[in-house]
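Undergrad: Below are the sequence and a predicted model for it; my questions follow.
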Amino acid sequence: SKWAYLLQCKDMKTMSDMIEALPCAIIEENPGLCLLHAWTLALSNSNPFFYRMEQARKRLDKAEELCRGKNCNFSQEARSRFLGEIAMARAKISSPNIHEMLAHMREADCHLSEGSSLVRPDVQINLGLPQLLRARYLQRRAGELQQAATCVQEMQKIIDRIGQGSLAGWSLEVNGELAYEFNDLEVANRLLLSSMREAEKTGEVGILIPGMLNLARTSLARGMLDEAFELPEEAEKKAREFSVLHWLPVIDSFRVRLALETGDAGYISRWEKENNLVIYDRLSEGIEYQLITLVRVLLFDGKLDRAMLLLSRLLDFAENEERILSTVEIINLQAIAYREQGKVDKAIKSLERSLALGEKDGCLRIFIDEGRPMVKLLEILTKRQGEVIQSNGRKVSSWYVSKLLKLTKDFVLSTVSNSGEQDSQRPIKVLTERETEALRLLAEGLNNSEIARKMVVSVNTVKSHTANIYSKLMVKNRAKAIKRGWA
């Protein structure tokens, strides 16, 4: 039909204009129009994301009500197929909750034995909600993270049957995230690169952008700073090219986290002034990543009381939503903040709690990525603990703690220092000729744009040089780099 053709062509604007030009009463009397309008809302980039998803849910509820109603003239076979199409649309708008998605897709699989007339290779499930680590939403209870890959594989098989398409890019991206969390960086790198290639083929920006950011994170963990800085720039270009502007705050937050790693106080300060986040913002899944980034900035600035207040709100929200990885990250930050306040006993108590949750899922990177502050906490804990830690009835093995301590120490020694403290056991690496030139221009007081013009390179290249300088000199800002570099 013309509607299905427009949907397959992703001509969302034409379809939306055609449907919304009709009187609302006509739409709400026609189950087919309700379903098509729901797909249009789910796939379009107009209007705020959450508003579109809520309107799509209402249209699907109405479509099902009409389909099951006494006045529906569908045959039994047509009714079954239509309910299957509704289930597939619900799977789309349920993302990134993998359990809800899988339940809806299983229902669709029961009704659509001959495949969907709407879901084709060009219209795949697209996780459009701006989250960096989708894997944090894959499990609702501790111990389920290991099951995530199995869930993704089942969903891919269903979409292959129903949609005659492929979820390869999506499943590769999610499994890449999982490999990262389990600290299998080589596998994560390979899977994420493959997911981006698949996403490029189908134009699935909802797979491509998080793939880029996760690959950047993996590159940072592997010590590849140039790539870690370049990928967010590419992600922003894609977000603007495809008009998915709800990704921009996430990309900016990711850049801030890179700035925290490299000690770029100027970038962090600009972000604080320009972003509209406050500690009392309404909490939602869509803003959680940005707010956790704000916590990290507050800790960097030494604003511990404000950080603790926001952490308390975030923790209540994450626990109520039963998102384990979010909970672990937030409790880790609480532990770091308590230690900064001199409340060591509270810090260790918080750490014990996060470790008890993390060990059930085999979590590694969520601890390792905290770097030097986590090393200090784990060292304190190691001196205090026996064979096991008891936390609210949950036991944590000393083996798990020892493994985390070793891996986190290795990470600190191989990447940018978070604290700016000199490590006497780690020699200063020699700067390259171009890094030396960049340091000289920094000493002259030039900003990144001015340095880029002087060196005839891009601003991103200057940022990469600066990051390398900070790493090699083991400092966190320009002033210390200049002082140490010219000492």
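TA: It's in. Note that the structure is a prediction, hence the values are computed from the model and not measured.
Undergrad: which residues touch the closest residue in space to F242 that isn't next to it in sequence?
TA: Distance criterion Cβ to Cβ, 6 or more residues apart in numbering; nearest residue to F242, sequence neighbours excluded, is V205 at 4.4 Å. C-beta coordinates here come from the backbone N, C-alpha and C atoms, glycine included. By Cβ atoms under 8 Å, 6 or more residues apart in numbering, V205 lies in contact with 126, 199, 238-239, 242, 244.
Undergrad: Buried among those residues? Need that as a selection in ChimeraX.
TA: With 16 or more other Cβ atoms under 10 Å as the criterion, this ChimeraX line picks the buried residues out of the contacts of V205:
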select :126,199,238,239,242,244
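Undergrad: Among the contacts of V205, which are located in helices?
TA: Secondary structure from DSSP state H places 199, 238-239 of the contacts of V205 in helices.
Undergrad: Could I get the CA-only coordinates of the helix or strand M212 falls within as CSV?
TA: In the assignment (DSSP states H and E), M212 maps to helix 205-221. Only the C-alpha atoms of helix 205-221 are listed here, as CSV (Å, rounded to 0.1, in the frame of the first residue of the first chain):
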residue,chain,number,x,y,z
VAL,A,205,21.9,6.8,13.4
GLY,A,206,20.5,5.4,16.6
ILE,A,207,23.1,2.6,16.3
LEU,A,208,25.9,4.6,14.8
ILE,A,209,26.2,7.4,17.3
PRO,A,210,26.3,5.3,20.5
GLY,A,211,28.6,3.0,18.6
MET,A,212,31.0,5.9,18.0
LEU,A,213,30.8,7.0,21.6
ASN,A,214,31.4,3.5,23.0
LEU,A,215,34.3,3.0,20.6
ALA,A,216,35.7,6.3,21.8
ARG,A,217,35.4,5.0,25.4
THR,A,218,37.1,1.8,24.4
SER,A,219,39.9,3.7,22.6
LEU,A,220,40.5,5.7,25.8
ALA,A,221,40.7,2.6,27.8
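Undergrad: change the start of the numbering to 19 and stick with it
TA: Right, with 19 as the first residue, what we last looked at is helix 223-239.
Undergrad: how about the ones in helices among the contacts of V223 in TSV, adding pLDDT and distance to G187?
TA: Below are the ones in helices among the contacts of V223 laid out as TSV (pLDDT from 0 to 100; distance: Cβ to Cβ, whole Å):
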residue	pLDDT	distance to G187
A217	83	4
K256	92	14
A257	90	17
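Undergrad: Tabulate those (TSV), appending distance to Q352.
TA: Shown next, in TSV, are those (distance: Cβ to Cβ, whole Å):
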residue	distance to Q352
A217	36
K256	35
A257	32
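Undergrad: got the residue ranges for the helices in the stretch 219-368 of the chain?
TA: 223-239, 243-259, 266-280, 283-292, 303-318, 322-338, 342-358, 362-379 (DSSP state H, counting those that start in this stretch).
Undergrad: tally of neighbours for D127?
TA: Applying other Cβ atoms under 10 Å, we find 18 residues neighbouring D127.
Undergrad: Sticking with the residue lying closest to it once chain neighbours are set aside, tell me its helix or strand.
TA: Excluding its sequence neighbours, the residue lying closest to D127 (Cβ to Cβ, 6+ apart) is I176, at 4.9 Å. Assigned by DSSP H and E, I176 belongs to helix 166-181.
Undergrad: between that helix and helix 362-379, how big is the angle?
TA: 50 degrees (axes from the mean of the first three to the mean of the last three Cα atoms, to 10 degrees).
Undergrad: Flag every buried residue along helix 166-181.
TA: 166-167, 169-170, 173-174, 176-177, 179-181.
Undergrad: likewise stretch 74-87?
TA: Neighbour-count burial for stretch 74-87, counted by 16+ other Cβ under 10 Å, picks out 74-75, 77-78, 80-82, 84-85.
Undergrad: same deal with stretch 345-358?
TA: So stretch 345-358, judged by 16+ other Cβ under 10 Å, has buried residues 345-357.
Undergrad: ok, so of these, who is nearest L327?
TA: A355 (10.4 Å; Cβ to Cβ).
Undergrad: most neighbours per residue, which of the helices of the stretch 219-368 of the chain?
TA: Of all these, helix 223-239 has the most neighbours on average by mean count of other Cβ atoms under 10 Å, namely a mean of 25.
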